[in-house]
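In: Here is a sequence together with a model predicted from it:
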Amino acid sequence: MQFSKRRLPCTPGPAVAVIAILAMLAIATPASAAGKDFKGWFVALDLATTQPNSLDQHFANHFDFTVPTQERLVLDNDSDFTYRASIGYSWGSSLGSLKVSYWSFDNDDEMTDTLTGGGVYPTIFGYGYYGGMYVYNPAGVDFTATGKVQASSIDLDYVRPIATGEKATLSWLAGLRVASYEEDQTFTGFDGVGTYYQAKHFESDGMGLRVGAAAEFGFTNHFSLVSSAVFSFLQADTEGISAQLFPGGATESNQATDDNLRGEMRDFDVKAVWSYGPIDYWLGYSMSSWDGLVADPVPALGGGFLGIGSADARSRDDISFNSLHAGIKWRFGKTVDIPPN
């Protein structure tokens, strides 16, 4: 069996527009800042509560023939704890800094219920060689659905600050990102006689360039606002497998791979920063949008009876991780006065 490869849309427009606007601001404002310059090592730790959005883990359809109505069953994805750890070295504002960062997300969701009035039709696998799977018992169908998402990224960034005013600084960023994404779904149903099972697993890995900028606006000697936009363009590969098992023992699977997948990530962040000596504290809100790597390589096969399969599923090529985060940064080195331009 052959599987078609989906080509993802090319959308570099927003990245180009944001970077172009920041470039014009830097050119329009003369660099004339006096203050402190830092040279040495630094480490940072950022803790967050992160909500995955648009996962759309559709696992079954419920038909109540007594009404009649159809219900699309989707896992409720909860927020979870995430962290980002960074270490780097600064050569001062004239030469910039180099930083390595690691970010990770790991979350499990589960839904257990008993539904009456008809049948539950799992949609993780869809319609296959043995037809469509349906778990029917008007008195009640017991089921458990689970979902697991794991995502991580490692960044190597060179950052170069440019003073654009007495209390404003623009920092340019160029670097590399290595990212991975894994997702699992399962469905287990019981009609009072036999157990029905469907499952799916896929994973994607990518690597590519990162470009972006951050603007810092100082209000006092100890307080500032920082906003940033960073774009990553990745070359990736993906593979996945889905399967279904009937009570009688009949089983089948669906597999796919794609070694030429285009991935894109857009990271936006706004935070309030308090600085005291060698330590910075911050509180902020961020969004990381992932395209391509999160597309399902083994979507539910369409066709069959009562909408089993992909006919009732939304297309998902992108998701986002939205975070309320707080962090701290320590600098270990020397701070020297720099004269104004």
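Out: Perfect, thanks for sending it. Residues are numbered from 1 along each chain as shown.

In: Could you use CA atoms for every contact and neighbour count after this?
Out: Noted.

In: For the stretch 151-300 of the chain, just list every one of the strands.
Out: 168-190, 195-218, 223-245, 251-276, 279-291 (DSSP state E, counting those that start in this stretch).

In: Next SSE downstream of the last one?
Out: Spelled out, it's strand 279-291. The helix or strand immediately downstream of strand 279-291 is strand 318-338, counting by DSSP states H and E.

In: For that next one, what is the distance to the chain centroid?
Out: For strand 318-338, the separation from the chain centroid amounts to 20 Å (computed by CA atoms, centre = their mean, to the nearest Å).

In: going forward, begin numbering at 19 instead of 1
Out: That works, and once the first residue is 19, the last one we named lands at strand 336-356.

In: Partner strands of that strand, with direction?
Out: strand 53-71 (antiparallel), strand 297-309 (antiparallel) (DSSP bridges).

In: Just the angle for the shortest one relative to strand 241-263, thanks.
Out: Same thing as strand 297-309. 40 degrees (axes from the mean of the first three to the mean of the last three CA atoms, to 10 degrees).

In: Strand 297-309 versus strand 269-294: what angle between them?
Out: Going by the same axes, to 10 degrees, strand 297-309 makes 150 degrees with strand 269-294.

In: go on, the longest one?
Out: Comparing the axes of strand 53-71 and strand 269-294 via the same axes, to 10 degrees yields an angle of 150 degrees.

In: immediately after strand 53-71, which helix or strand?
Out: Downstream of strand 53-71, the next assigned helix or strand under DSSP H and E is strand 76-82.

In: Give the other helices and strands that the helix or strand that that following strand is followed by contacts.
Out: Per DSSP H and E, the first helix or strand lying C-terminal to strand 76-82 is strand 87-92. Under the contact criterion of 3 or more CA pairs under 8 Å, 6 or more residues apart in numbering; DSSP states H and E, strand 87-92 touches strand 76-82.

In: Name the residues that touch the strand it packs on?
Out: 87-93, 133-142, 163, 203-205, 326, 331 (CA atoms under 8 Å, 6 or more residues apart in numbering).

In: Tell me which residues of it come out buried.
Out: Residues 76, 77, 78, 79, 80, 81, 82 are the ones in strand 76-82 that count as buried (16 or more other CA atoms under 10 Å).

In: Could you check how far that strand is from the centre of its chain?
Out: The answer for strand 76-82 is 26 Å, by CA atoms, centre = their mean.

In: May I have the strands that pair with it, each with its orientation?
Out: Strand 76-82 has these strand partners (DSSP bridges): strand 87-92 (antiparallel), strand 136-140 (antiparallel).
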